[in-house]
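> What shape does this take:
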Amino acid sequence: MQMRRQFGRAALAVALAGFLLAAATASGHAILVESNPAANSKIHGPTVAVRLKFNSRIDGSRSRLTLFRPDGTSGELKIQEQSTPDSLASEATGLKPGSHRIHWQVLAADGHITRGDISFTVTEN
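Numbers count the residues shown, from 1 in each chain. Just a heads-up that it's a prediction; the model follows:
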């Protein structure tokens, strides 16, 4: 009986340690919590301010924003100096009507890289 209790406690400790390790690993990734343009939104061009806010500090100098245009071309967006450590800002210019996508890649302060996409549509005025 004593042996079963010790085994049960050890198993519980291992399970708890695994859970805590998984939670710590997941929290290291920068998660997008807010964006402008918003995902799947319709906006007026030809210029739009791009703002991305994350749940953690990110390294702006090692992050990337790429704009994919309706004609299949793409270009890197210049990231402005960070106003807060959890955000990125840029400006997309010369946008023509149609479906666009911003691909973002950020480096969290703890070294984890996270990527994602924001699709939006530019409408005619």
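> what's the distance between residue 85 and residue 79?
Using Cβ to Cβ, to the nearest Å, we find residue 85 at a distance of 13 Å from residue 79. From N, CA and C alone the C-beta is placed, and that goes for glycine too.
> neighbour count winner among those two?
Between residue 85 and residue 79, counted using other Cβ atoms under 10 Å, the more crowded position is residue 79 (18 against 12).
> so when I look at the more buried one, I'm seeing a strand, right?
No - Residue 79 is assigned coil when assessed by DSSP: H, G, I helix; E, B strand; the rest coil, not a strand.
> Could I get the pLDDT score of it?
pLDDT, residue 79: 97.
> Report the contact partners of it.
Going by Cβ atoms under 8 Å, 6 or more residues apart in numbering, residue 79 touches 60, 63, 64, 65, 88, 89, 90.
> Good, we can wrap up now.
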